[in-house]
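A.B. asks: Here is the input, now give the coordinates:
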Amino acid sequence: MSITIGFLLFPDMTNLDFAGPFEVFSQVPGAKVHLVAKSLDAVTADKGLRLLPDTTFADCPQLDVLCVPGGPHVDFLFEDSETLDFLKTQGAGAKYVTSVCTGSLILGAAGLLEGYKATSHWTSVDMLTHFGTVPTKGRVVKDRNRITGGGVTAGIDFAIAVAAELVGEQVAKMIQLGLEYNPAPPFVGGHPDVAEAEIVTAVGAIMKERLDRRRMAAGNFAA
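C.D. replies: A predicted model of the protein is given here:
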């Protein structure tokens, strides 16, 4: 069985949104994973890591799984007609339309999550309403053939869940074991529901300017 999976690459994307799922998907039997961008020029992620696309929008085959990572400046893509048109075209034919973190906002801007439940990073999940999406908290949210992952590290959970859809639960469990994915974080506090209030406040203050800009861009898009 052949499975064609494609990741959208774009400047300032969050590397881990992509790297975790890529590691999982690359081990799915029969999978061919494409790194898709506007051109074959290197794409620089938000922390400086450079990623090399292997396929352009124009040359990308029809994908079985379309995956969109997030990033700190996803709102810049809300008006990027070339990227949104590519996602609309691929989304219409894909068996699964998926995202990690704030990649769901990009899918929303492409009109691919209207009427669906979806999740995003905890700072941005409420913004999905601007795209006609039903915001839903969770590490992985499935609604028909839309599968979305929560913030950054949820990408591994997300990818294992997608792998189970593609090749069955047993193979997905084997991939999980091979990766020794058995998380035991040193602190309880990876989500506002369980983090200390002062930590939530501090992180919110650091991200305020970015989130204010993103919220305004989402509202303007909806308007």
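A.B. asks: Mind pulling up the pLDDT for Leu66?
C.D. replies: Here, the pLDDT recorded for Leu66 equals 98.
A.B. asks: try the one 10 residues further on
C.D. replies: pLDDT, Phe76: 96.
A.B. asks: in stretch 115-128, what's buried?
C.D. replies: Tyr116, Lys117, Ala118, Thr119, Ser120, His121, Trp122, Thr123, Ser124, Val125, Met127, Leu128 (16 or more other C-beta atoms under 10 Å). In short, each C-beta sits where N, CA and C put it, glycine included.
A.B. asks: Then the fifth one would be within a strand, right?
C.D. replies: In this case it means Ser120. No. Applying DSSP: H, G, I helix; E, B strand; the rest coil, one finds Ser120 to be coil, outside a strand.
A.B. asks: wait, it sits on Thr129?
C.D. replies: No. Ser120 is beyond contact range of Thr129, at 11.1 Å (criterion: C-beta atoms under 8 Å).
A.B. asks: okay, and the common contacts of these two?
C.D. replies: Shared contacts of Ser120 and Thr129 (C-beta atoms under 8 Å, 6 or more residues apart in numbering): Pro135.
A.B. asks: Mind jotting down where the helices sit in the protein?
C.D. replies: With DSSP state H, the ranges of helices along the chain come out as 15-25, 81-93, 103-109, 154-167, 169-178, 197-222.
A.B. asks: Taking the centroid of the protein, which residue is nearest it?
C.D. replies: Using C-alpha atoms, centre = their mean, the residue of the chain that lies closest to the mean C-alpha position is Val100, 2.1 Å off.
A.B. asks: For it, list the residues it contacts.
C.D. replies: 17-18, 20-21, 67-70, 148-149, 152, 154-155, 158.
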